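Asker: Quick one: sequence plus predicted model below, questions after.
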Amino acid sequence: MVLTLLLTKNLIVNKVLFTIALSLIFSVSFSQWGDCTNNTDACTNPSFNVNSSGFGNIEEFTTASNVSNPQTNPNPSPGNMGCLMTGEVNSTWLLITVSSTGTLEFSMGTAGSLNCFDWIMWPYDPNLTCTEIQNNNWPPIACNWNGACGGITGMANAGNLPAGADPTDFENGLNVSAGDQFMICFSNYSSAATNVPLDFYGTANVTCGNAFGATICYGDTATIYATDGISYIWDTSIPGFIGTNTIGDTAYVNPTLTTSYTVTIDFGTIGTQVDTAIVEVLPALNSAVIKTNETCLDSADGSFDISTSAGLPPINYSISGPLTNVNNQTGNFDNLEAGSYVITISDSNGCTEEINDTINPGPFCCNFSAEISSDTVQCLNDCTGEIYLNLTNAIAPIETLWYRESILSDILVGTNIDTLYNLCPGNYYVLVTDSTECPSGDTSSVFSQEIYPSLNIINDTSITAGLDYFIWATGDGDIIWSPPTFLSCYECDTAFSIGTQTIEYVATIIDSIGCEMKDTVLIEVVINPLFVPSGFSPNNDGLNDQLKVIGGGVTFFSFLIFDKWGNVVFETNDISIGWDGTFKGIELPSDVFVYVVQASFTNQQVVKLTGDVTLFR
């Protein structure tokens, strides 16, 4: 698959727009040095090949890795843009080992090639760097992204910029000490297929020894090697070490976990260097096989169900056995004859696992079949369903076992009958065995049509405490109210009650076959405060002829009126009764009177009101 991009200087938008397309393309293959743990040493003036090969087995960082891949440049000078804002794209991982103190300066690429190359560099610790980059815990020391895309990038101090290079593609040189190590992720954003020269020209020297690891499948043996030395000493105490060739530059190892193997390389007059070859061990496929033997002799209905808990998808499964040599990516193989089979599982990394298994022949069986019908009912509570069994070529005596499927354990619902009655919605199956002891069976369902009775109900209502009210519901069936609290009846269409507290009632209607529908009504009971008018005029004009306490919802009530000498001229315990301005049948003249009201409500609240009221004549 080939992708051609035309990148214009400093067009950030181009990079962002192509991110999705690039990630889709790069996911189909892997870079040769595409992972932090599978890096290559950077030597003096080497080169490496790049193409649109993705990011290896692991995507160490993304645009969301705000610590390991920040969106702002860690160095304010020379003021270039941030790190790899499109994440890990067509990556090549390079390990730099400094052999003398000085300034680290380098270039990667060829000026004028118009390829868009970016990079990010972290301090290197063999025990932490790769893991902590992936965990978003490892800040970079330098990076460069989205410069002029002139085909060359790197680090250079003033005056050392390569010919034809643009300053926006370069960061300042870095002061380093002997023994320092740095990990670089080189990003081939433009997906160029080319050779990238790597040139070190600072005052610091870079060691040229190389140790190369490998990626192997679990259980395989890896060949690792070192170069450029005159002799090599491997640490043979590391688990999995087998041995070396005669020269010593090549070692053979078979670790069970990803392991680093160290080698001391002697460069003669230059000195020695300890380097590391990392062997990445891909996890074992850990495949499991569930087999089903033949039901009857020569029935050819055996099966394998193969699964694997590891491996890089897609996983390919193949079986080889009697008259069979097939493969697929599901792991399910049906209609198999009895016999021995070789099962091979392989993933996209090329890792394989081989399993030998056998489909056992079934017993001798007669050729009979069992079929059961299906049925429908009106609703989930309708248990009027029926299913029946039809047998062909069965030889008596016959044993029939009916089951209803259940989450916990299937339920036996009938034995030695050909028809089941009064069935609720669900899945049912039958197991049949005739005199030859060859089993047969079938599965069927009783389906609910989800048809429910209609239900109409009174709207939510607010009433004053102490007042009576009715609730009603109508529909095609019997009505049941719940809870029955305060209701005159609960198995009725209409119920009477007195408002004492706010309550929600549920009306359930059940039709003749048991289908039911529910709805609710909220009766909000309002406790009104008491109010006494400031005056009244008992002149029989029909307006304010009586003095009454306004309110309701009381369980106790007392209303007293006193004249200015303290005599009680009116009293009542009924909130509906008012004073007409008389005392012992005699009309009192206009004057100011004192009232005292005491009451308690259905919610246990107690109040006492006092005040003046004026009688007008």
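Answerer: Good, I have the coordinates. Keep in mind that this is a model prediction, so the values were computed, not measured. Numbering: from 1, shown residues only.

Asker: Now do the helices in this structure.
Answerer: In the chain, the helices defined using DSSP state H lie at 12-17, 19-26, 129-134.

Asker: The chain - how does it break down into domains?
Answerer: 12-208, 211-282, 287-359, 369-439, 455-526, 535-615 (automatic domain parsing).

Asker: Looking at those domains, which is nearest to Ser448?
Answerer: domain 369-439 (4.1 Å; Cβ to Cβ). Where you see a C-beta, it was placed from the backbone N, CA and C, and this is true even at glycine.

Asker: and that closest one, how far apart are its ends?
Answerer: With Cα to Cα, to the nearest Å as the measure, the first residue of domain 369-439 is 9 Å from its last.

Asker: now swap in stretch 272-291 and tell me
Answerer: Length of stretch 272-291, first residue to last, Cα to Cα: 58 Å.

Asker: Report the mean confidence score over that stretch.
Answerer: Per-region confidence: stretch 272-291 scores 86 on mean pLDDT.

Asker: tell me which residues of it are tucked away?
Answerer: Within stretch 272-291, the residues scored as buried using 16 or more other Cβ atoms under 10 Å are 273, 275-285, 287, 289, 291.

Asker: re the thing from before, adding distance to Val446, write the domains of the chain out as TSV.
Answerer: Below are the domains of the chain laid out as TSV (distance: least, Cβ to Cβ, whole Å):
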stretch	distance to Val446
domain 12-208	47
domain 211-282	50
domain 287-359	27
domain 369-439	4
domain 455-526	14
domain 535-615	51
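
Asker: Of the ones you listed, flag the one that's most buried.
Answerer: The highest mean neighbour count among the domains of the chain, using mean count of other Cβ atoms under 10 Å, belongs to domain 12-208: a mean of 19.

Asker: Report the rounded mean pLDDT for that one.
Answerer: Domain 12-208 carries an average pLDDT of 84.

Asker: Leaving aside the residues adjacent along the chain, what's closest to Asp591?
Answerer: Leaving aside its sequence neighbours, Asp591 sits nearest to Leu615 (Cβ to Cβ, 6 or more residues apart in numbering; 5.7 Å).

Asker: Bridged to the one you found, which residues?
Answerer: Phe536, Asp591 (DSSP bridges).

Asker: show me the contacts for it.
Answerer: 535-538, 547, 581, 588-593 (Cβ atoms under 8 Å, 6 or more residues apart in numbering).

Asker: Closest one of those residues to Pro529?
Answerer: Leu547 (17.5 Å).

Asker: Would you map the strands across the stretch 1-150 of the chain?
Answerer: Applying DSSP state E, counting those that start in this stretch to the stretch 1-150 of the chain gives strands spanning 40-41, 47-50, 91-97, 102-104, 106-109, 117-123, 142-144.

Asker: would you list those in CSV and tack on distance to Phe61?
Answerer: Converted to CSV, the strands of the stretch 1-150 of the chain look like this (distance: least, Cβ to Cβ, whole Å):
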stretch, distance to Phe61
strand 40-41, 19
strand 47-50, 18
strand 91-97, 10
strand 102-104, 22
strand 106-109, 19
strand 117-123, 8
strand 142-144, 11
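
Asker: if I look at the residue nearest to Asp591, how far off is Phe570?
Answerer: As judged by Cβ to Cβ, to the nearest Å, Leu615 and Phe570 stand 11 Å apart.

Asker: Same question for Asn195.
Answerer: 114 Å.

Asker: ditto for Ile417
Answerer: Applying Cβ to Cβ, the value for Ile417 to Phe570 is 84 Å.

Asker: Apart from its neighbours in sequence, what residue is nearest Gly34?
Answerer: Once flanking residues are discounted, Gly34 sits nearest to Gly56: 2.6 Å by Cβ to Cβ, 6+ apart.

Asker: oh sorry, the question was meant for Gly240
Answerer: Gly240's closest residue in space is Pro255 (Cβ to Cβ, 6+ apart), at 3.3 Å.

Asker: Where does pLDDT dip in the stretch 201-350 of the chain?
Answerer: By pLDDT under 70, the weakly predicted segments of the stretch 201-350 of the chain are 207-210, 270-271.

Asker: give me that answer again for 80
Answerer: Low-confidence segments of the stretch 201-350 of the chain, defined by pLDDT under 80: 205-213, 228, 267-276, 297-298.

Asker: what's the span of stretch 68-80, first residue to last?
Answerer: Termini of stretch 68-80 sit 18 Å apart (Cα to Cα).

Asker: Show residues contacting that stretch.
Answerer: Stretch 68-80 is contacted from outside by 60-63, 81-85, 87, 120, 122, 132-145, 147, 167-168, 170-172, using Cβ under 8 Å, 6+ apart.

Asker: change it to 6 Å
Answerer: Outside stretch 68-80, the residues within contact range by Cβ atoms under 6 Å, 6 or more residues apart in numbering are 61, 82-85, 133, 136, 138, 140, 142, 144, 168.

Asker: And for stretch 89-102?
Answerer: Here stretch 89-102 makes contact (Cβ under 6 Å, 6+ apart) with 22, 31, 33-34, 36, 39, 41-42, 48, 50, 52, 55, 176-178, 180-189, 191, 202-207.

Asker: same thing with stretch 397-407?
Answerer: Contacts of stretch 397-407 (Cβ under 6 Å, 6+ apart): 410-416, 420, 426-435.

Asker: In strands, which of those residues fall?
Answerer: Judged by DSSP state E, these include 411-415, 420, 426-433 as members of strands.

Asker: I'd like to know which of the residues you listed is nearest to Cys379.
Answerer: Gly426 (13.1 Å).

Asker: mind listing what the closest one touches?
Answerer: 404, 446.

Asker: which residues does Ser281 bridge with?
Answerer: Quick fix: residue 281 is Val, not Ser. Ile216.

Asker: Tell me the spacing between it and Phe557.
Answerer: Taking Cβ to Cβ, one finds Val281 at 89 Å from Phe557.

Asker: Next one: Gly154 from Val432, what distance?
Answerer: 79 Å.

Asker: again with Ile230
Answerer: Distance, Ile230 to Val432, using Cβ to Cβ: 82 Å.

Asker: now the nearest residue to Leu257 once chain neighbours are set aside: how far from Gly202?
Answerer: Leaving out its chain neighbours, the residue that sits closest to Leu257 by Cβ to Cβ, 6+ apart is Val281, at 5.6 Å. Val281 is 37 Å from Gly202, where distance means Cβ to Cβ.

Asker: again with Ile290
Answerer: According to Cβ to Cβ, Ile290 stands 62 Å off from Gly202.

Asker: And Thr508, by the same measure?
Answerer: Counting by Cβ to Cβ, the gap from Thr508 to Gly202 is 86 Å.

Asker: what comes into contact with stretch 533-549?
Answerer: Here stretch 533-549 has contacts from 530, 532, 559, 575, 578-581, 597, 614, 616, using Cβ under 6 Å, 6+ apart.

Asker: Select from the residues you listed every entry located in strands.
Answerer: Checking the contacts of stretch 533-549 against DSSP E, those in strands are 559, 597, 614.

Asker: Out of these, which is nearest to Val263?
Answerer: Val597 (102.4 Å).

Asker: dump the residue contacts of that closest one.
Answerer: Val597 is in contact with 549, 559, 609, counting by Cβ under 6 Å, 6+ apart.

Asker: Among those, which one lies nearest to Asn245?
Answerer: Within the contacts of Val597, the smallest distance to Asn245 is 108.8 Å, found for Leu609 (Cβ to Cβ).

Asker: follow-up on the earlier one: of the contacts of stretch 68-80, which pair is most distant in space?
Answerer: Asn136 and Thr168 (27.0 Å).

Asker: From start to finish, how long is stretch 52-59 in a straight line?
Answerer: End-to-end distance of stretch 52-59 (Cα to Cα): 15 Å.

Asker: nope, stretch 460-469 is what I meant
Answerer: 12 Å.

Asker: Show me where the stretch 351-500 of the chain has its strands.
Answerer: For the stretch 351-500 of the chain, the strands defined by DSSP E, counting those that start in this stretch occupy 352-359, 369-372, 375-377, 385-392, 399-404, 411-415, 419-423, 426-433, 439-448, 455-457, 461-464, 468-475, 478-482, 494-498.
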